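Participant: Pasted the sequence and its predicted model underneath.
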Amino acid sequence: MRRKDREVLGDENIAKIIEQCTTCHIAMVDDADAGMPYMIPMSFGYSLKDGALELYFHCAHVGKKLDCIRKNPHEDVYCKSGRFYASVVGQGKAEIVEDSAEKCRGLSLLMERQAAGAQQSAAPHKFEFTPAQAAAVTVFKITSTCFTGKAKAEQ
């Protein structure tokens with residue numbers, strides 16, 4: 001990182017930035033479009049533990065995102081917050097989640113994250129999904145151990 005004075009360190013501090021985010025921008029390379037970048041904003045759920053950040057997303061069973069992930073699983077991830085300039089940026093490996101229990105966990109994390117954003121002061125709401133519900137969508141996750149936080153405090 002060029003500006004070490006703005007670097008944010010530690011899982012707890014990174015999580016504080018992510019908690020302010022409602023959207024994650026995922027950048028992919030689409031070989032079908034002459035290697036042109038493809039970026040899409042998505043709702044997400046996450047887990048951050050021991051320096052490993054897992055971001056969970058859901059989508060239809062077919063589409064450009066999944067085509068890109070299958071061709072090139074290495075993704076750039078941008079979770080940006082506009083408050084006082086804070087962001088988390090990294091690279092990771094994307095994978096389609098096949099395990100039913102992990103799909104349910106990922107969907108729960110995603111929905112809890114979205115509900116928390118919608119209800120700023122309300123107590124966290126827990127969501128449970130059945131394997132049948134999880135089978136209705138594709139869940140993919142991006143795992144990153146190479147991410148940085150950056151912030152500029154309000155002056």
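Facilitator: Ah, there it is. Numbers count the residues shown, from 1 in each chain.
Participant: okay, CA-based contacts and neighbour counts for the rest of this
Facilitator: Fine.
Participant: how about the nearest residue to residue 45, chain neighbours excluded?
Facilitator: The shortest distance from residue 45 to any residue other than its chain neighbours is 3.5 Å, reached at residue 110 (C-alpha to C-alpha, 6 or more residues apart in numbering).
Participant: Count the neighbours of residue 64 for me.
Facilitator: 11 (other C-alpha atoms under 10 Å).
Participant: can you pull the contacts of residue 108?
Facilitator: By C-alpha atoms under 8 Å, 6 or more residues apart in numbering, the contact set of residue 108 is 45, 126, 127, 128, 129.
Participant: just checking, the first one touches residue 106?
Facilitator: Yes: look at residue 45 against residue 106 with C-alpha atoms under 8 Å: they come within range, at 6.7 Å.
Participant: and for the two, which residues touch both?
Facilitator: Common neighbours of residue 45 and residue 106 (C-alpha under 8 Å, 6+ apart) are 56, 57.
Participant: got the contacts of residue 108 as CSV, with neighbour count and secondary structure columns?
Facilitator: Formatted as CSV, the contacts of residue 108 follow (neighbours: other C-alpha atoms under 10 Å; DSSP: H, G, I helix; E, B strand; the rest coil):
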residue, neighbour count, secondary structure
45, 25, strand
126, 11, coil
127, 14, coil
128, 12, coil
129, 15, coil
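Participant: which one of these sits closest to residue 99?
Facilitator: Lowest distance from residue 99 to these (C-alpha to C-alpha) belongs to residue 129, with 13.3 Å.
Participant: now the closest one: how far from residue 64?
Facilitator: From residue 129 across to residue 64, the span is 26 Å (C-alpha to C-alpha, to the nearest Å).
Participant: hey, which helix or strand in this structure has the poorest pLDDT?
Facilitator: strand 74-81 (a mean of 63; mean pLDDT, DSSP states H and E).
Participant: I'd like the average pLDDT over stretch 102-120.
Facilitator: Throughout stretch 102-120, pLDDT has a mean value of 83.
Participant: what distance separates it from the centre of its chain?
Facilitator: 11 Å (C-alpha atoms, centre = their mean, to the nearest Å).
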